[in-house]
Every structure is written in C-alpha cells, then in structure tokens.
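> Quick one: sequence and predicted model below, then my questions.
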Amino acid sequence: MGIILTFTAFEKAPGTDRGFTNQPERYPGRLRLETAQSPHSFITSIYALLVKTVRYPCKFNGWRGFVKYMNYRNDIRNIAIIAHVDHGKTTLVDAMLKQSKVFRDNQAMGEQIMDQGDLEREKGITIMSKNTAIVYGGVKINIIDTPGHADFSGEVERVISMADGCLLLVDSVEGPMPQTKFVLRKALERGLKPILVINKIDRESARIAEVFKLTQDLFLELATSADQLDFPVIYTSGREGTAVMELDTPGKDITPLFECILAKVPPPKIESGPFQMLVSNLDYDTHKGKIAIGRIWRGKVTAHDQVVSIGADGILTSYEIGEVFTYLGLKRLGVTEAEAGDIVAVTGLSKVNIGDTIASPEQPEALPRIEIGEPTVEMTFRVNTSPFAGRESRFSTTRQIRERLYRELETNLSLRVQDTDSSDSFLVKGRGELHLAILIETMRREGYEFEVSKPEAITKVIDGKLMEPMELLTLDVKDENIGALTEMLGKRQAQLMDIRHDTPPNVHLEFRVPTKGLIGFRSALLTATKGEGIMNTLFLGYEAWHGNITSSRNGVLIASEPGVALTYGLNNAQERGLTFIEPNTPVYEGMIIGLNPRLQDLAINVCKEKKKTNIRSSTSDIALRLTPALKMSLEQAIDFINKDELVEVTPQNIRLRKKMLTETQRLRSRIRTAA
Ligand SMILES: Nc1nc2c(ncn2[C@@H]2O[C@H](COP(=O)(O)OP(=O)(O)OP(=O)(O)O)[C@@H](O)[C@H]2O)c(=O)[nH]1
Ligand SMILES: [Mg+2]
C-alpha cells in the first residue's frame, strides 16, 4: 500500500504569480510526498515534510487530503465541460480562470478567453476543444472546454477520455437540447461523474425548475448505472461569475462550483509502474515541433526519457521525450516531471498520432484507442480549373492540396480524405456542412485555392441494401412559420415527430429527416423565418434509402461573356433576378452571378456597355437604381449550389460557377442526361 501526503499550506511561490506547483524544490508552496510504504516510512515521510516546510517557510493554511491511498491523486481533478452549443461553456471557463487568479490583476482578460482561433472569435463558437487548469485550495483542476456544435462532436468524443468528471451545462431557458443528449450519453458511457450545472440563471425568462425536471428525465433515459442518477446540481451565471447550491441564496462568486468539483469529482486513479499515456490531442509549435497532449495513466514522465509510441497498427516507434509541460491558465508550464493522473503535453515525438499510446519501453502496452462516430456528409475538393486559376493564391497544385488535406487528418479525427479516380480531386468526408466549411475557410486563409462541390449525404450498402443517414431535426420558430416549414420539409422527406407550444408565439418542432434533406435547409429556414428560426440536428443512425429528392432551388443567372461586370450589364441582370456581384467584378463565362426567379438557368452578358447613342445626361441614375449585390458567406455558398455547380475558393474571393462553363457544353450534357 502506498500513501500520498498532500500538504497544501500555501501562500505564494516566490517569484511567481501562480499558486501551484508539483516541483516543491522550485516553488515550496505545495509539498507532496508519496514514499510511505510502511508505518515506518510513513513517519519518515512526515518528518521529511516538516523539514521541507521549515526550509521553505510558507503560511500554513491547513491540510487537505492528508493521507490518501496511493492509487488516487487527491491534488488533481480532471473535468470536461460539455453542453449544447452556446449554453455558456467557454464563458463559465472564463469565470473559473478569472476567479482562480491565474491572471495578474492588470492583465487584459476579455471574454471567451479560450476561443483563441480567428474563426472561433469571428463566429463566436468553440471549434477545437482545449485544455486549461486552475488551482483551488491546493488542488489543480484540469479543465477541458469542448465545442457544443454537433458538427464538432468528434472533438468531444476524443477528449472526454482525459476526464473523470464533467460539468453538464444546461441553459436555464432553453433546457436540454439535442446536443445535450449526445454529449451526456458519451460522458455517461465513459463513466464520467456528472455535475449538472443549470447555467445563465440571470436570464429573465429562466425556468429553472422545469429545466431541472427535463434534464433529470434525460439522465433517467441515459444513465448506465444507478449511481449516475445521483448527480449534484449547481446553479450558475457564467457571465456574472456566480454559482450557488441553493437557489434562494444570493450568488457571490464561483467558489461553490470549485467546492462542488473538489467534493464530487473523483480524484484521478493512478497506477504505479512504467510510464503510459494516451494521446488525445496534438498541437504544433514552430520551435518545438509536434506536441502530444494527453493524460498519464501509469507511472511518470521526465524530460529526455526514452519512450515508445504504439500506433494503430501496433507498430512501436522509439523516441526521446523532449520537454514535458503541464497546464496552468492559458499557459503550458515546463516541468521536470509529471505523474499519472495529470494531463500533460510532451514534445519530441515527431510521428505520433491521436489515439496512440506513449509508453515506457519496459512495458509497451497500448491503451484502448479513441473511437469516433463516422462522418455523414461528403464533398469533392479539386484543383481550381476556372479561367482565373492560379491568380490569387500561394498554393494551388494537386500536390499541395493533397498534402494539406492529408495533414488535416492528424488532428481532425472525424474527417476522412480519399483519393478519387481523377488525380486532381479528393473526396472529403465530415460530420456536417459546418465541419467541412471550417476546413475550407481555414485552408483559404492559409493561402490555398481550390474548388468544392455540393455536399452530399454519405450512403452505405448494408446486406445488399442502400442505406442513408438519418437525423433528428429540432426547430424553434414562431407559429406563423409552421405551415411553410412543414411543407418545405415534407418535400425533403421529413416526418413530423413532435410539436410543443412554448410561450406564444414560439413553437418547438421535431422531425426525423434524412441527412440529404438537410443539405441547403439552413439558408431556406433563415429565409422563411426572416433569420429568426433556430435549428439543431442530432445523428440518429442509418435507414433504408428513402428515394431521391428533387432540388427545389431556382435557376441561376450566368455570365455569358468573360470580362468585367459593368453597371449597365448588371442592371439588365437585375431586371431578371437577384445579383451576387458588384460592378467592376471580373467575371468569366460560366460564372454564376445571380439568382433567377424561374427554375431554368439564364446566361446574361453582364459586361455589356451602354451604347453611346443611348447616353443619358448622367450615368449616376443607373448606378442609383442598382440594388446592392447579395453577398453570400462561404457556408451559404456551399449550401446554395446544385450538383452541376461548384464553389471556387481562393484567399481573396468566393465565386460560384457552373461545372460546364459554356452554354454548348451545358446543353450537350442536358441532352445526354435526358437520353
Ligand atoms: N445571460 C447570460 N448569457 C450568457 C451566460 N454565459 C454565456 N452567455 C452568453 O451566451 C453566449 C454563448 O456563450 P459561450 O460561452 O461562447 O457558449 P459555449 O457553450 O462555449 O458555445 P460553443 O462553444 O460554441 O458551444 C455568449 O453570447 C455569452 O455571452 C450567462 O451566464 N448568462
Ligand atoms: Mg465554447
């Protein structure tokens, strides 16, 4: 039997602003001994501890976890924060970081501190899960912030394996939503100890008792053991930085949440023996190279240790560990040694992948690999073949695009890339349209140009039968929209499952719908509800193919001549429909420049100049008449195109085009299809 003594008497480590260390020699604030194998060595340990305290004087704050069996580490808690999108995970982490004083008082903090990616900040959502840690009462709490959007649920699946407990956040107004169910199921399957956090209690229309009841029902449905039903509940406002255990007590700070985590989340179980960790995440640093992040399950790791990595194929590769880091606040902290139970980042393993085990060569045993749900949507990425190809990017060749896509697989676990019969195009499969759109946007910002096709649902043949993915679609809309939406969804093979009237005029609708019916639906919903409708989806599984859906989109306006679009030409186009481009935009033949109110496509010469004889006293009257172009975001563009169209993506522009650029080619192809 081993014993851990944790002496958490602590003031401030000299020369630092942080309150935690596992290097007692450097920062004597926290002392820890774990050598007691017998009563005799136990007494020796206490003696050694006292000697250290005298050598490194610090204010005595009391003992915590004074004696513990060695197979738990009471100085650490590992938690994942999980919830439906926008229920306030990242904001709650802000509050925990701010109140744990890992920042200096004068340090700028901002909001959603963990959402550091450019796209995350722009879109206001978390895309990648991230690690951070705080210290409370001498215990380090490793926190994993996860994304709530269903398209990034692969991220949640892969990182929750690092945690022993989870905070399940539920918005006090919205209540449990589809993704709440998905992440809770994953967490309970993994055996994580849940804490229910009813968040945003400051909201005016909070319906806390009802939300609690609904979440309790969800636990009843999903729990894998009886003790999972005995979960603590805490009420928080991440934005105001308060938490209370009882609703009638006024909120002061976030301390009750810290206390609850310490009391309810089990400390990590550890095993002594040769080093073993599971890689759950990867990062890159220009100087340090690849950084493997994961939890140590057994033993300890020191800089320059000899280790092996065990790959998916069971092949062992030898490495020397470079540096070892643990987390504190937003920083990684170089440490000389880290032990089982902690979450660490190590460098020096140039070829390691997510899911691999890093272990001591003495006992190279693989931990179970992380299993992640299959992708449901696919699209083709191909080399840009438009007449403007190669003008606006740094990377445009097949080799460059291929290399970039395959590199993405190392960190984007729910993504798949496949070569196709054509050497310049690749089939890319993801969890949803947004998942793929984020990859496209990231590549575009890195300087790549390419073309993408319309996303399609991934079908499978099981026992000789064609199967397709199905999803549960939930809509929160006004009752005046019900008719139009039900009709629209009917054409997309959706089946109405449930309808609930919330506070009038709000209604909540649930449909079962094939994934293929959801492609392009988001923009249709926003148009139908004037931007107010909210949709969410949850993958249900595969079902027998329901048949084809015919596109309900109107035809497009196509540039018939190459050149530069002029006001006069665009004015002509606007007499026919909506336009997507401003005057002075370079166009090529076959480029889509607008939407036709009819079903057919229509080619128009937007470069046409006004005849000299027809000149008016001022040209500005025409300019004034031009309605502003309808500018589509990348997601809208992907959502918009049909099967015979492409989105051309470059660092500077997003253009829409027909696959066949000339009228003759398109006509020939129509005749061929008809035949
Ligand atoms: N009223 C209120 N609003 C909050 C609270 N916490 C967060 N919000 C708001 O809710 C929105 C979403 O907050 P985030 O913290 O980004 O939510 P998230 O769960 O991390 O979102 P994803 O990571 O994209 O799933 C933001 O506009 C926040 O300002 C709260 O306690 N009260
Ligand atoms: Mg977030």
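On my side now, so go ahead. Residues are numbered from 1 along each chain as shown. Ligands and ions are numbered 1, 2, ... in the order given.
> Any idea what Ile144 is bridged to?
Beta-bridge partners for Ile144, by DSSP bridges, are Ala80, Asn131.
> For it, the count of nearby residues, please.
When neighbours are defined as other Cβ atoms under 10 Å, Ile144 has 27 of them. For the C-beta atoms, the positions are set from N, CA and C on the backbone; glycine is no exception.
> Can you give me the separation between it and ligand 1?
Per Cβ to the nearest ligand atom, to the nearest Å, Ile144 is found 12 Å from ligand 1.
> That residue touches Thr126, doesn't it?
No - with contact taken as Cβ atoms under 8 Å, Ile144 and Thr126 are classed as non-touching, separated by 11.1 Å.
> who in this structure is up against ligand 2?
Where proximity means Cβ under 5 Å from the ion, the interface of the chain facing ligand 2 comprises 89-90, 126.
> neighbour-wise, which of the residues you listed leads?
When neighbours are counted by other Cβ under 10 Å, Lys89 leads those with 27 neighbours.
> Now it. Nearest residue, chain neighbours left out?
Sequence neighbours aside, Ile81 is the residue nearest to Lys89 in space, at 4.6 Å (criterion: Cβ to Cβ, 6 or more residues apart in numbering).
> What confidence value was assigned to that neighbour?
The predicted local distance difference test score for Ile81 is 97.
> how about it, what does it touch?
Contacts here follow Cβ atoms under 8 Å, 6 or more residues apart in numbering; on that basis Ile81 touches 89, 92-93, 143-146, 166-167, 169.
> Quick one: the residues of the chain next to ligand 2 as JSON lines, columns for pLDDT and secondary structure too.
Converted to JSON lines, those look like this (pLDDT from 0 to 100; DSSP: H, G, I helix; E, B strand; the rest coil):
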{"residue": "Lys89", "pLDDT": "95", "secondary structure": "helix"}
{"residue": "Thr90", "pLDDT": "94", "secondary structure": "helix"}
{"residue": "Thr126", "pLDDT": "89", "secondary structure": "coil"}
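> Ser249: neighbour count?
Careful, residue 249 is Thr; it's not Ser. When counting by other Cβ under 10 Å, one arrives at 10 neighbours for Thr249.
> Equivalent analysis for Ile195, please.
There are 21 residues near Ile195, going by other Cβ under 10 Å.
> Okay, and the beta partners of it?
With DSSP bridges applied, Ile195 shows beta-bridge pairing to Leu167.
> In the stretch 401-550 of the chain, what residue comes closest to ligand 1?
When distances are taken as Cβ to the nearest ligand atom, the stretch 401-550 of the chain approaches ligand 1 most closely through Leu434, which lies 10.9 Å from it.
> doesn't that residue fall inside a helix?
Yes - read with DSSP: H, G, I helix; E, B strand; the rest coil, Leu434 is one of the residues of a helix.
> That one is in contact with Ser153, isn't it?
No - counting by Cβ under 8 Å, Ser153 is not a contact partner of Leu434; they are 11.3 Å apart.
> Between those two, point out the one with more neighbours.
Ser153 (25 against 20).
> hang on, that one in a helix?
Yes - under three-state DSSP, Ser153 falls within a helix.
> I'd guessed it sits against Gly373; true?
Yes - shown here, Ser153 and Gly373 form a contact pair, counting by Cβ under 8 Å, at 7.1 Å.
> Mutual contacts of those two, please.
Contact criterion Cβ under 8 Å, 6+ apart; residues bridging Ser153 and Gly373 by contacting each: 414, 431.
> if we can go back for a sec, for the closest residue to the residue of the stretch 401-550 of the chain closest to ligand 1 other than its chain neighbours, what are its contacts?
Nearest residue to Leu434, sequence neighbours excluded (Cβ to Cβ, 6+ apart): Asp151, at 4.2 Å. For Asp151, the set of contacting residues under the criterion of Cβ under 8 Å, 6+ apart consists of 430-435, 438.
> same deal with Ser205?
Contacts of Ser205 by Cβ under 8 Å, 6+ apart are 173, 503.
> Checking Ile198 next. Helix, strand or coil?
Secondary structure state of Ile198, per three-state DSSP, is strand.
> Which of the helices or strands spans Pro375?
Using DSSP states H and E, no element contains Pro375; it sits outside every helix and strand.
> my read: it touches Leu427, true?
No - if you go by Cβ under 8 Å, Pro375 and Leu427 don't touch, sitting 10.5 Å apart.
> For ligand 1, what is the nearest residue in the chain?
Scanning the chain for proximity to ligand 1 using Cβ to the nearest ligand atom identifies Gly148 as nearest, at 2.5 Å.
> Quick check: that residue is in a helix.
No - the assignment for Gly148 is coil, going by three-state DSSP, so no helix is present there.
> And for the residue of the stretch 251-400 of the chain found nearest ligand 2, the neighbour number?
Of the residues in the stretch 251-400 of the chain, the one nearest ligand 2 is Leu330, at a distance of 14.7 Å by Cβ to the ion. The local packing of Leu330 (other Cβ under 10 Å) involves 16 other residues.
> just checking, the residue of the chain closest to ligand 1 touches Val85?
Yes - at 3.6 Å, Gly148 and Val85 qualify as touching, with contact defined as Cβ under 8 Å.
> between the two, who's got more neighbours?
With other Cβ under 10 Å as the criterion, Gly148 and Val85 differ in neighbour count, and Gly148 comes out ahead with 26 against 19.
> Got the confidence number for the more buried one?
The predicted structure scores Gly148 at 91 on the pLDDT scale.
> Distance of it relative to Leu169?
Distance of Gly148 to Leu169, computed by Cβ to Cβ, to the nearest Å: 9 Å.
> anything in contact with each of those two?
The contact lists of Gly148 and Leu169 share 82-83, 87, 89, where a contact means Cβ under 8 Å, 6+ apart.
> Does Glu487 belong to a helix, a strand or coil?
With three-state DSSP as the criterion, Glu487 was assigned helix.
> which ones are touching it?
Applying Cβ under 8 Å, 6+ apart, no residues contact Glu487.
> For the residue nearest to Ile641 when sequence neighbours are not counted, give me its contacts.
In this structure, Ile641 finds its nearest non-sequential neighbour in Lys454, 5.0 Å apart by Cβ to Cβ, 6+ apart. Shown in contact with Lys454 (Cβ under 8 Å, 6+ apart): 379, 519, 638, 641-643, 645.
> Can I get these in JSON lines including neighbour count, pLDDT and secondary structure?
Supplementary listing: these in JSON lines, determined by neighbours: other Cβ atoms under 10 Å; pLDDT from 0 to 100; DSSP: H, G, I helix; E, B strand; the rest coil:
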{"residue": "Met379", "neighbour count": "21", "pLDDT": "96", "secondary structure": "strand"}
{"residue": "Ile519", "neighbour count": "21", "pLDDT": "88", "secondary structure": "coil"}
{"residue": "Ile638", "neighbour count": "26", "pLDDT": "92", "secondary structure": "helix"}
{"residue": "Ile641", "neighbour count": "23", "pLDDT": "92", "secondary structure": "coil"}
{"residue": "Asn642", "neighbour count": "17", "pLDDT": "90", "secondary structure": "coil"}
{"residue": "Lys643", "neighbour count": "10", "pLDDT": "90", "secondary structure": "coil"}
{"residue": "Glu645", "neighbour count": "21", "pLDDT": "96", "secondary structure": "strand"}
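> what about the closest residue to Arg391 other than its chain neighbours, how many residues close to it?
Distances taken as Cβ to Cβ, 6+ apart put Thr650 closest to Arg391, at 7.7 Å, once the chain neighbours are dropped. Thr650 is surrounded by 22 other residues when neighbours are defined as other Cβ under 10 Å.
> How about Asp498?
By other Cβ under 10 Å, 10 other residues sit near Asp498.
> any idea how far Asp171 is from it?
Remark: distance between Asp498 and Asp171 (Cβ to Cβ) = 20 Å.
> Now do the same contact list for the residue nearest to Gln363 when sequence neighbours are not counted.
Counting by Cβ to Cβ, 6+ apart, the nearest residue to Gln363 once its immediate chain neighbours are dropped is Pro274, at 4.1 Å. Pro274 makes contact with 298-299, 359-360, 362-363 under the criterion Cβ under 8 Å, 6+ apart.
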